[in-house]
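**Student:** dropping the sequence and predicted coords here.
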Amino acid sequence: MTVRIAPSLLSADWARLAEAVAVCEAGGADWIHLDVMDGRFVPNLTFGAKFIETVRGLTDLPLDVHLMVVEPEKYFDDFAQAGATNLSIHAEAAPHLHRQVVRIKELGCRAGVAVNPGTSLETVRDVAAILDSLLIMSVDPGFGGQQFIPHSVDKVGRARAMLSAAQSRAALEVDGGINRETIPACWRAGADTFVAGNAIFAAPDPAAEIRALRDQCRLTV
Ligand code: DX5
Ligand code: ZN
């Protein structure tokens with residue numbers, strides 16, 4: 001299985017955004033993770049289409065857009081237009097999950113579903129076969145720099161089994177508190193895509209930290 005590292009720009013210095021994106025490229029990042037928060041689904045506000053478009057102008061890397069918003073469908077067209085590669089919506093915010101996943105694909109984006117730590121995987125089982133990614137939140141969403149919830153490892157294992165049973169080729173992504181210490185267990189449990197914000201951008205050498213995170217998986221069998 002390939003390891004994908006997806007740095008989250010939430011923890012970057014936005015006054016030096018171009019530099020942060022260049023550092024992601026230099027470190028061999030696979031995707032760039034963009035956290036959209038609306039102050040309703042989560043108790044924090046970040047950015048919208050304009051920011052996504054700006055990052056799109058700085059890199060050709062896939063943009064993995066994580067929508068922590070209510071009524072996510074209101075933003076699909078604008079975000080697709082802005083250059084998003086992957087749109088992940090929260091199961092908790094999308095009662096018509098199947099319809100929204102199909103809509104994201106119609107717009108030419110990859111479709112992902114995210115689940116909070118307290119949300120059962122059963123909420124996504126019936127769309128698993130058509131997903132391009134499944135995102136397991138390993139912190140309660142809203143902020144960078146939080147502590148990894150240990151129970152998430154078991155959930156990643158169950159998510160991997162669920163995707164296999166559905167013969168789904170979706171990426172299995174973990175987001176929240178990922179660092180050198182927490183990444184090996186997630187990789188062993190079956191995750192292949194790792195979002196990391198604080199671990200990368202608070203490191204003295206962020207590009208080296210991206211490589212170190214990848215190496216932690218390679219060294220883990
Ligand atoms: C949290 C966001 C994460 C966040 C991860 O709500 O979804 O993507 O940026 O940050 P760290 O790696 O610092 O936990
Ligand atoms: Zn995220």
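**Tutor:** Nice, thanks for sending it over. Ligands and ions are numbered 1, 2, ... in the order given.

**Student:** tell me where this protein has strands.
**Tutor:** 4-7, 32-37, 63-68, 86-90, 110-115, 133-137, 171-175, 193-196 (DSSP state E).

**Student:** can you lay out those as CSV showing mean neighbour count, distance to residue 56 and mean pLDDT?
**Tutor:** Glycine gets a C-beta too; all of them are placed from N, C-alpha and C. Listed next are the strands of the chain as CSV, based on neighbours: other CB atoms under 10 Å; distance: least, CB to CB, whole Å; pLDDT from 0 to 100:
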stretch, mean neighbour count, distance to residue 56, mean pLDDT
strand 4-7, 27, 15, 98
strand 32-37, 24, 10, 99
strand 63-68, 27, 6, 99
strand 86-90, 26, 13, 98
strand 110-115, 22, 15, 99
strand 133-137, 26, 19, 99
strand 171-175, 26, 20, 98
strand 193-196, 28, 18, 98
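
**Student:** neighbours around residue 62, how many?
**Tutor:** If you count neighbours by other CB atoms under 10 Å, residue 62 ends up with 18.

**Student:** re earlier: dump the strands of the chain into CSV; add distance to ligand 1 as well.
**Tutor:** Putting these into CSV (distance: least, CB to the nearest ligand atom, whole Å) gives the following:
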stretch, distance to ligand 1
strand 4-7, 8
strand 32-37, 5
strand 63-68, 5
strand 86-90, 9
strand 110-115, 8
strand 133-137, 7
strand 171-175, 5
strand 193-196, 5
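
**Student:** of these, which is nearest residue 145?
**Tutor:** strand 193-196 (10.7 Å; CB to CB).

**Student:** put the alpha carbons of the closest one into PDB.
**Tutor:** Taking Å, rounded to 0.1, in the frame of the first residue of the first chain, the C-alpha atoms of strand 193-196 are listed here in PDB:
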ATOM      1  CA  THR A 193      -3.400   8.700   4.000                       C
ATOM      2  CA  PHE A 194      -2.300  10.900   6.900                       C
ATOM      3  CA  VAL A 195      -3.200  14.500   7.500                       C
ATOM      4  CA  ALA A 196      -0.800  16.400   9.700                       C
END
